[in-house]
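Visitor: fold the following for me, if possible:
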Amino acid sequence: MAVAPHAKIIWIACGPGNNGGDGYEAAHHLQRWGKIPIITCWGDATNLPVDAQVARQRALQAGVAFVNTIPDNCDLCIDAVFGIGRIRSLEGQYQQWVERMNTGSIPVVAVDVPSGLNADTGAGQSVHVKAQFTLSLLTLKPGLFTAEGREACGEIWFNSLGVAPSFAASALLSGTPQQFARAHNTHKGSYGDVAVVGGGPGMTGAALLAARAALHGGAGRVYVGMLDTNAMRLDLVQPELMFRQPSELQLESITVVAGCGGGDAIQVQLPDILTRSSRLVLDADALNAISHDSSLRKQLAARGAGTTVLTPHPLEAARLLQLTTQQVQTDRLDAAQSLANEFACTVVLKGSGTVIAAPDTVPHINPTGNARLATAGTGDVLAGLIGARWASGDRAFSAACNAVFHHGYVADAWQAQTALTAQDLVEAL
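Guide: Numbers count the residues shown, from 1 in each chain. As a prediction, the model looks like this:
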């Protein structure tokens with residue numbers, strides 16, 4: 001009634017469990033309200049759960065039409081096929097229903113979770129519903145907000161049905177970062193120093209983007225340790241950046257962002273960086289170097305708890321975990337938590353619904369961001385922004401959560417019709 005108030009004929013696809021029961025219950029009410037609900041169901045109704053059997057009987061008594069084929073003309077579809085129970089493959093008649101939902105021109109409202117989507121992980125089967133609206137009942141589910149969930153769910157509505165959860169959350173949605181006004185009696189040293197070590201031959205732009213993001217993100221001073229010895233020593237776009245040889249940086253007293261555009265050259269620097277840095281953000285080529293070098297891996301694991309933030313995309317996470325990218329994407333929450341536990345650090349697993357995890361902490365799923373961020377350099381911007389937040393006084397985990405939220409929020413607010421480049425992102429910060 002909220003999303004399609006003028007819809008008259010409503011196709012309701014009901015499955016063999018309690019999700020189907022929700023569909024029967026919806027049909028009963030829609031019939032009473034003067035709509036024309038048409039139900040398709042498959043299988044033996046005698047095997048329905050008790051609640052679903054009662055709802056089905058109510059729909060029959062109300063005069064709801066039950067048919068064997070998808071109606072040709074309808075104004076809205078309700079997906080009540082499969083919910084949060086056992087994940088089963090969508091085959092035969094169910095597959096035909098889903099394919100019709102996904103290719104039709106009418107809006108689809110999914111009950112609790114789009115059929116074929118794992119409510120815990122957001123992993124979708126090869127065939128799953130892509131709804132325009134999802135009504136999540138009792139509690140929000142992590143899978144609605146990460147992996148394939150965000151695209152499959154469309155706009156998410158929530159109704160607790162007045163039931164308070166009786167269990168601890170498995171994940172939390174990151175909220176809007178709290179904004180603090182800068183006190184008058186402060187100076188650049190009050191907001192921390194960030195040093196970006198990266199920018200190997202042919203990739204100096206990555207280090208510059210990270211450094212510019214750190215500056216725009218609020219760091220008091222930003223240093224750049226270029227790994228390309230022939231690189232410029234002045235950023236004409238951002239002359240506030242200070243260039244140093246990596247060996248000249250006081251790693252013990254600054255927040256270090258390492259790996260952005262580092263190429264093979266970063267591997268030589270990592271033993272010193274891992275040993276001396278008190279606060280360290282590891283990105284891109286630094287992560288790849290560690291995944292291929294057991295001694296660097298041991299050094300990372302030996303660092304103090306809470307002194308490191310890793311920012312892998314799914315492939316980099318897969319290399320660190322010695323898994324495939326598909327395995328990481330199948331359960332992003334578990335992958336992020338496994339890395340966080342192994343290295344006693346904060347992990348930012350980038351992607352749709354970025355996951356931020358740390359040991360003994362409920363992981364966060366970030367609700368901001370969109371595909372405009374799928375361009376080269378935006379990850380470098382995020383690494384620099386995390387460094388700035390951390391240098392300015394946030395703890396590692398909150399710095400990561402706040403930076404990821406801000407990073408995605410800028411992309412959501414982008415109004416221009418042109419693509420959002422990494423440099424655009426920096427300036428919009």
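
Visitor: the stretch 101-250 of the chain: helices as residue ranges?
Guide: 149-153, 204-216 (DSSP state H, counting those that start in this stretch).

Visitor: contacts for the last one?
Guide: By C-beta atoms under 8 Å, 6 or more residues apart in numbering, the list of residues contacting helix 204-216 from outside reads 194, 196-199, 222-224, 226-228, 231-232, 235, 237-238, 240-241, 257, 260-261, 283-284, 377, 380-385, 387-388, 391, 422-423, 425-427, 429. Every residue, glycine included, has its C-beta placed from N, CA and C.

Visitor: for the first one, same thing?
Guide: For helix 149-153, the external contacting residues (C-beta under 8 Å, 6+ apart) are 110, 113-114, 117, 122, 124, 128-131, 134, 143-144, 352-353.

Visitor: now that helix: buried residues?
Guide: Residues 149-150, 152-153 are the ones in helix 149-153 that count as buried (16 or more other C-beta atoms under 10 Å).

Visitor: picking up where we left off before, and of the helices of the stretch 101-250 of the chain, who's closest to Ile365?
Guide: Distance to Ile365, taken as C-beta to C-beta, is lowest for helix 149-153 among those, at 9.4 Å.

Visitor: any idea of the mean pLDDT for that closest one?
Guide: The average pLDDT for helix 149-153 rounds to 96.

Visitor: could you do stretch 359-373 as well?
Guide: Mean per-residue pLDDT for stretch 359-373: 97.

Visitor: could you pull up the residues touching His406?
Guide: Taking C-beta under 8 Å, 6+ apart, we find His406 in contact with 177, 217, 385, 429.

Visitor: for the top helix by length along the chain, give the mean pLDDT please.
Guide: Longest helix of the chain, by residue count under DSSP state H: helix 396-412. Mean pLDDT, helix 396-412: 97.

Visitor: now do stretch 222-232
Guide: Rounded mean pLDDT across stretch 222-232 is 95.

Visitor: so what touches it?
Guide: Taking contacts as C-beta under 8 Å, 6+ apart, the residues outside stretch 222-232 that touch it are 193-204, 207-208, 211, 214-215, 235, 240-246, 248-249, 254, 262-263, 265-266, 269.

Visitor: are any of those buried, and which?
Guide: 193-200, 203-204, 207-208, 211, 214-215, 235, 241, 246, 249, 254, 262-263, 265-266, 269.

Visitor: His364 against Val355, yeah?
Guide: Yes. Using C-beta atoms under 8 Å, His364 is in contact with Val355, at 7.3 Å.

Visitor: neighbour-wise, which of those two wins?
Guide: Val355 (29 against 24; other C-beta atoms under 10 Å).

Visitor: Asn341 falls within a helix, correct?
Guide: Yes. Checked against DSSP: H, G, I helix; E, B strand; the rest coil, Asn341 lies within a helix.

Visitor: neighbour-wise, which of the contacts of His406 leads?
Guide: Greatest neighbour count in those, by other C-beta under 10 Å, goes to Leu385: 31 neighbours.
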